[in-house]
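Colleague: Fold the following, please.
(2 chains)
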Amino acid sequence: DQQVKQNSPSLSVQEGRISILNCDYTNSMFDYFLWYKKYPAEGPTFLISISSIKDKNEDGRFTVFLNKSAKHLSLHIVPSQPGDSAVYFCAASAGTSGTYKYIFGTGTRLKVLA
Amino acid sequence: DGGITQSPKYLFRKEGQNVTLSCEQNLNHDAMYWYRQDPGQGLRLIYYSQIVNDFQKGDIAEGYSVSREKKESFPLTVTSAQKNPTAFYLCASSMVRGHRGYTFGSGTRLTVV
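Modeller: Numbering: from 1, shown residues only, chains lettered A, B, ... in the order given. All right, here's what the predicted structure looks like:
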């Protein structure tokens, strides 16, 4: 059972426009969420995080929104740049489990068109 | 600079052979993890370890083995029992306490020939 889902395998956006990547989860115990960016043949790099006590976190061009009642989070990239083209993974953990083990979604491939 | 190093970057294995992937970190992280990436399946957890000399199976541990004899090192052995070993393998590390996420290595691409 996939506890973290990214239902859009790919997304294409024009340079300068907004990219919105979505992520849904099923486990109500998840209390911390991360977004990672991954280029081909490289390890993922940390992008932005959000705790369940917040509904928004912003870092430069990147903003993550959390809707706990809908068990949904989204990553907004504004403005999108060609260098943002990569696979984006969301990940969630339940701190109360004691392991801080993250469950990853299947990823969304973002392509920013110049 | 602190970081996490995986070697080799590319590895070829004949069917029926065991092969060991190296993962070393100098971040003083307590926990280490092995993930496997396949197209369309995201990152799936193979094994993880939160402390030296202790490790737990992840979601897809069959056909793999690990050891954690040192805090800095968490090698993964892909055994001949693993039916579909061709994949991209990622090692990660983190603090056990504090939601700081993972630091990932650059990965090892294993191909069975």
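Colleague: Now the terminal residues of stretch A:2-11, how far apart.
Modeller: By Cα to Cα, to the nearest Å, the extent of stretch A:2-11 from end to end equals 21 Å.
Colleague: Now do the buried residues in it.
Modeller: For stretch A:2-11, burial by neighbour count (16 or more other Cβ atoms under 10 Å in any protein chain shown) applies to A:4, A:5, A:6, A:11. Bear in mind the C-beta positions are built from the backbone N, C-alpha and C, glycine included.
Colleague: What about these, which are in strands?
Modeller: Judged by DSSP state E, those include A:4, A:5, A:11 as members of strands.
Colleague: Out of those, which comes closest to chain B?
Modeller: Nearest to chain B among these, counting by Cβ to the nearest Cβ, is residue A:4 at 8.3 Å.
Colleague: count of residues packed around the residue lying closest to that closest one once chain neighbours are set aside?
Modeller: Spatial nearest neighbour of residue A:4, chain neighbours left out: residue A:105 (4.4 Å); criterion: Cβ to Cβ, 6 or more residues apart in numbering or on different chains. Applying other Cβ atoms under 10 Å in any protein chain shown, we find 25 residues neighbouring residue A:105.
Colleague: Show me what from chain A comes close to chain B.
Modeller: Applying Cβ under 8 Å from any Cβ of the partner chain, one finds that chain A approaches chain B through A:6, A:9, A:32, A:34, A:36, A:41-46, A:49, A:51, A:89, A:91, A:93, A:95, A:99-107.
Colleague: So among those, which ones count as buried?
Modeller: Buried among those (16+ other Cβ under 10 Å): A:6, A:32, A:34, A:36, A:43-44, A:49, A:89, A:91, A:93, A:95, A:100-107.
Colleague: how about low-confidence regions in chain B?
Modeller: For chain B, applying pLDDT under 70 flags the ranges B:1, B:97-100.
Colleague: Contact residues of it facing chain A?
Modeller: Counting by Cβ under 8 Å from any Cβ, chain B sits next to chain A at B:4, B:6, B:9, B:31, B:33, B:35, B:40-45, B:48, B:50, B:88, B:90, B:92, B:94-97, B:99, B:101-107, B:109.
Colleague: let's see 7 Å
Modeller: Contact residues (Cβ under 7 Å from any Cβ of the partner chain) of chain B with chain A: B:40-43, B:48, B:50, B:90, B:94, B:96, B:99, B:101-102, B:104-107, B:109.
Colleague: all strands for chain A, in order.
Modeller: When assigned using DSSP E, the strands of chain A occupy the ranges A:4-5, A:10-14, A:19-25, A:32-38, A:45-51, A:56-59, A:62-67, A:72-77, A:86-93, A:102-104, A:108-113.
Colleague: Need the ones you listed in JSON lines (columns: mean pLDDT and distance to residue B:64).
Modeller: Shown next, in JSON lines, are these (pLDDT from 0 to 100; distance: least, Cβ to Cβ, whole Å):
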{"stretch": "strand A:4-5", "mean pLDDT": "94", "distance to residue B:64": "22"}
{"stretch": "strand A:10-14", "mean pLDDT": "96", "distance to residue B:64": "30"}
{"stretch": "strand A:19-25", "mean pLDDT": "98", "distance to residue B:64": "26"}
{"stretch": "strand A:32-38", "mean pLDDT": "94", "distance to residue B:64": "22"}
{"stretch": "strand A:45-51", "mean pLDDT": "93", "distance to residue B:64": "25"}
{"stretch": "strand A:56-59", "mean pLDDT": "96", "distance to residue B:64": "35"}
{"stretch": "strand A:62-67", "mean pLDDT": "98", "distance to residue B:64": "33"}
{"stretch": "strand A:72-77", "mean pLDDT": "98", "distance to residue B:64": "31"}
{"stretch": "strand A:86-93", "mean pLDDT": "94", "distance to residue B:64": "21"}
{"stretch": "strand A:102-104", "mean pLDDT": "90", "distance to residue B:64": "18"}
{"stretch": "strand A:108-113", "mean pLDDT": "96", "distance to residue B:64": "27"}
